[in-house]
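Participant: coordinates for the following, if possible.
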Amino acid sequence: MRWPVSISNRRLYVFAACLLVAFSTTGRASSPLETIDAEVTGLYERSKSAVVKIHAEGDATMARSPLGPSHRVSSGFFIDAEGRFVTADTLVENAAVIWIDWQGRHVFAKLLGRDPITRLALLQLDTGEPTPYLPLGNSDDLRVGSMVVAIGFPYELPSAPVVGFVAGLDIHCGRRVFPVNHIRANCRLSPGQGGGPLLNARGEVIGLVVAAHGDDQCYSLPVNAVKKICADIIKTGSPQYPWVGLDVAEHQFTNQLAGVPDWQVFIREVLANTPAEVAGFQARDILLRIATNEIHRAADVLNTMFYRHSGDTLQIAVFRTGDTQTIKIVIGTRPTEPSPIVPVPVMPVPQILPVSATR
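Facilitator: Okay, here's the model as predicted:
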């Protein structure tokens, strides 16, 4: 049956008017700020159950120590359903007993291992049931300007999110050199929020908050480094750092072809009785590539070597006396005693996020 045109148009107009009224009353388009508000709130609600408040109790001698009270509190987060969680190493240092607030009760935790170099501690909670956990992202995807959300327990208050942006990917803070690039974010964190996760916009962990710098910035260990150190601790009980025995430095020069400043990384010294000496490296060799990673700054060497393991074989390209050579080297294990020669001077560390005392 064919409807008259006038009746068909009338029905169309009525339907359109109903849609307009419904949209204006219940379907109003969200502003950008409302959208961000909803996204951050939703991310926090999805993540907060995997972020925990951690207590560390020192021994009697620590209570009298000028370094601080014996009862410290900070944040941490689960990384898997088996009850493993991470926090900042400074919280559990010298702790005699560790527990978390879990579902309305105190549950004791076991320290699986800690790494003072990256300031990560890995712990285990035995609940007899799967634990909530945060998905681990890929910190290599981060860019300056990426939005991030930190979650932790400020003071003695419930957990709360802090929104910020990635301000830099730094190998040092002032003159203190990190073992791998750290994420610098302009998140203003309160005492107690150290050790918590730094999340990307998808709710994935991209860093572990380990230090505060100034009044409005924090440093986070990238999640790829967190994965590596945790895997080492689970497998061997301690972090494993590679060792080749090279003392390197960098200098700036003017690229004659491009006419702009450029950088070179060169070998300052080859330590005796090391894998580097066995492989045939020489002082003044200019480093060009480690495996497939090009080397332009000393940070490139640290970031590349950090993720390697003892026993790995590497092809390293160097420039020597006007020619490019490729040298094969088998990575060793870092000596237990620190070498008297280091690639860069080690200076005082950035301020660690304080933790609140509850006694």
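
Participant: name the SS class of Met305, please.
Facilitator: Here Met305 is helix, with the state taken from DSSP: H, G, I helix; E, B strand; the rest coil.

Participant: low pLDDT regions in the stretch 251-359 of the chain?
Facilitator: Within the stretch 251-359 of the chain, the stretches with pLDDT under 70 are 255-261, 336-359.

Participant: what segments of it are helices?
Facilitator: 275-279, 298-306 (DSSP state H, counting those that start in this stretch).

Participant: return the most buried member of these.
Facilitator: The highest mean neighbour count among those, using mean count of other C-beta atoms under 10 Å, belongs to helix 298-306: a mean of 20. (Glycine included, C-beta is placed from N, CA and C.)

Participant: how far off centre is that one?
Facilitator: Helix 298-306 has its C-alpha centroid displaced from the chain centroid by 16 Å (C-alpha atoms, centre = their mean, to the nearest Å).

Participant: name the helices or strands packed onto it?
Facilitator: Other helices and strands packing on helix 298-306, by 3 or more C-beta pairs under 8 Å, 6 or more residues apart in numbering; DSSP states H and E, are strand 160-173, strand 176-185, strand 246-254, strand 261-270, strand 286-290, strand 293-294.

Participant: mean neighbour count, the ones you listed: which tops it?
Facilitator: Across these, averaging neighbours per residue (mean count of other C-beta under 10 Å) puts strand 176-185 on top, at a mean of 22.

Participant: can you check what angle separates that one from helix 298-306?
Facilitator: Relative orientation of strand 176-185 versus helix 298-306 (axes from the mean of the first three to the mean of the last three C-alpha atoms, to 10 degrees): 90 degrees.

Participant: average pLDDT for strand 176-185, rounded please.
Facilitator: Strand 176-185 comes out with an average pLDDT of 92.

Participant: next one: stretch 45-65
Facilitator: Averaged across stretch 45-65, the pLDDT comes to 79.

Participant: tell me the contacts of the residue nearest to Phe281 when sequence neighbours are not counted?
Facilitator: Nearest residue to Phe281 in three dimensions, chain neighbours excluded: Val270, at 5.0 Å (C-beta to C-beta, 6 or more residues apart in numbering). By C-beta atoms under 8 Å, 6 or more residues apart in numbering, the residues touching Val270 are Gly245, Leu246, Asp247, Ala276, Glu277, Phe281, Gln282, Ala283.

Participant: mind listing what Phe281 touches?
Facilitator: Leu246, Ile267, Val270, Ile316, Val318, Ile327, Ile329.

Participant: before we move on, back to that, any chance of CSV for the helices and strands packed on helix 298-306, columns distance to Val40?
Facilitator: Shown next, in CSV, are the helices and strands packed on helix 298-306 (distance: least, C-beta to C-beta, whole Å):
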stretch, distance to Val40
strand 160-173, 6
strand 176-185, 15
strand 246-254, 40
strand 261-270, 39
strand 286-290, 39
strand 293-294, 35
